[in-house]
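Participant: 3D, please:
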Amino acid sequence: MEQKFREKAVIIRQEEIATGIFSMWLKTEKIAKAARAGQFIAVYCNDGSRLLPRPISICEIDKDDDAVRIVYRVAGKGTDEISFMRTSMQLDVMGPLGNGFPIKEKKALLIGGGIGIPPLLQLAKDLKCETQIAAGYKEQLFLNEEFKKVGNLYIATEDGEHGTEGNVMDAVKRNDLDAEIIYACGPTPMLKAVKEYAKEKNIEAWLSLEEKMACGIGACLSCVCKSKHKDAHTNVNNKRVCKEGPVFRAEEVELS
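Facilitator: Numbering: from 1, shown residues only. The predicted model follows:
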């Protein structure tokens with residue numbers, strides 16, 4: 001059984017890298033050493049009225065300095081509280097959680113949309129093969145300079161100000177990107193399009209699902225998704241995104 005830890009992490013630094021998008025480096029005792037690309041941490045608010053943690057994907061891992069980086073969007077009172085925290089302050093966190101991406105040495109295409117882009121950065125750093133990254137933004141870019149250092153980056157924006165006009169799959173198709181394996185993270189409509197594209201092109205694909213989570217450890221069943229095979233935990237065709245996921249082989253899950 002893989003270990004997870006709950007500890008007080010110290011904020012190394014935090015900055016707003018786009019409107020409402022924050023980057024935070026956290027010093028941990030154990031989480032960074034155990035973490036892998038595609039996993040997430042549960043961040044607890046200091047405000048006692050908010051009992052449930054906020055699940056936030058890991059963006060980067062620095063095992064030498066025992067640190068993890070999270071990049072998140074302010075989407076409610078919990079993440080708003082976290083966004084005001086500063087260097088040397090502490091956060092109660094648990095992790096690493098989830099299964100992470102399988103690392104395979106094949107020509108890879110990483111596809112990310114919106115706040116699904118950050119989890120792909122550590123993956124891109126870990127892959128030791130030809131790597132292409134397609135990133136879809138609404139308007140403002142973030143992390144694009146970091147991605148340029150670890151692969152060939154293709155950008156799509158809705159207004160066409162940067163890269164391809166349209167969504168991230170438009171960028172994939174217009175640049176005729178090919179691969180032996182696809183890794184994707186983003187909103188469900190994007191993941192559905194990726195799944196269809198991978199099936200059409202007969203490419204192995206792994207999807208990191210975005211679902212609302214409560215406990216983050218598979219107990220509450222609030223984040224289940226439909227699956228091809230029965231789940232040993234519930235004996236029905238469900239998978240717990242926080243426990244069996246968030247990364248699944250594309251054909252194993254049904255996206256609605």
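
Participant: In three-state terms, label residue 195 for me.
Facilitator: With DSSP: H, G, I helix; E, B strand; the rest coil as the basis, residue 195 sits in helix.

Participant: Setting aside sequence neighbours, what's the nearest residue to it?
Facilitator: Distance criterion CB to CB, 6 or more residues apart in numbering; nearest residue to residue 195, sequence neighbours excluded, is residue 250 at 4.5 Å. (Each C-beta comes from the backbone N, C-alpha and C, glycine too.)

Participant: and if you look at residue 109?
Facilitator: Nearest to residue 109 is residue 179, by CB to CB, 6+ apart, at 3.6 Å.

Participant: contact partners of stretch 100-107?
Facilitator: 36-39, 123, 126-130, 178-181, 183, 204, 206, 208, 247 (CB atoms under 8 Å, 6 or more residues apart in numbering).

Participant: Selection in PyMOL covering whichever of the residues you listed are buried, please.
Facilitator: The PyMOL command for the buried members of those (criterion: 16 or more other CB atoms under 10 Å) is given here:
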select buried, resi 36+37+38+39+123+126+127+179+181+183+204+206+208+247
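
Participant: Kindly report the domain assignment for the protein.
Facilitator: Structural domains of the chain, as assigned by automatic domain parsing, span the residue ranges 5-97, 101-210, 211-256.

Participant: could those be laid out in CSV, adding mean pLDDT?
Facilitator: Converted to CSV, the domains of the chain look like this (pLDDT from 0 to 100):
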stretch, mean pLDDT
domain 5-97, 95
domain 101-210, 96
domain 211-256, 65
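
Participant: mind listing the helices for the stretch 101-250 of the chain?
Facilitator: Here the stretch 101-250 of the chain has its helices, by DSSP state H, counting those that start in this stretch, at 119-126, 144-148, 168-174, 188-201.

Participant: in stretch 38-46, what counts as buried?
Facilitator: Here stretch 38-46 shows 38-45 as buried, counting by 16+ other CB under 10 Å.

Participant: hang on, the earlier thing: looking at it, the residue nearest to residue 195 is touching residue 206, isn't it?
Facilitator: Yes: applying CB atoms under 8 Å, one finds residue 250 in contact with residue 206, separated by 6.9 Å.

Participant: what residues are shared contacts of these two?
Facilitator: By CB under 8 Å, 6+ apart, the residues touching both residue 250 and residue 206 are residue 182.

Participant: returning to that earlier point: of the buried residues of stretch 38-46, closest to residue 199?
Facilitator: Closest to residue 199 out of these is residue 38 (21.5 Å), distances taken as CB to CB.

Participant: a strand runs through that closest one, doesn't it?
Facilitator: No: per three-state DSSP, residue 38 lies outside any strand segment and is coil.

Participant: beta partners for the nearest residue to residue 187 once chain neighbours are set aside?
Facilitator: Sequence neighbours aside, residue 113 is the residue nearest to residue 187 in space, at 5.8 Å (criterion: CB to CB, 6+ apart). Taking DSSP bridges as the rule, residue 113 bridges to residue 136.

Participant: list the contacts for residue 113?
Facilitator: Counting by CB under 8 Å, 6+ apart, residue 113 has contacts 135-136, 167-168, 185-187, 190.

Participant: could those go into JSON lines alongside distance to residue 87 and neighbour count?
Facilitator: Shown next, in JSON lines, are these (distance: CB to CB, whole Å; neighbours: other CB atoms under 10 Å):
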{"residue": "135", "distance to residue 87": "28", "neighbour count": "27"}
{"residue": "136", "distance to residue 87": "32", "neighbour count": "27"}
{"residue": "167", "distance to residue 87": "37", "neighbour count": "19"}
{"residue": "168", "distance to residue 87": "34", "neighbour count": "28"}
{"residue": "185", "distance to residue 87": "28", "neighbour count": "29"}
{"residue": "186", "distance to residue 87": "30", "neighbour count": "26"}
{"residue": "187", "distance to residue 87": "32", "neighbour count": "14"}
{"residue": "190", "distance to residue 87": "34", "neighbour count": "23"}
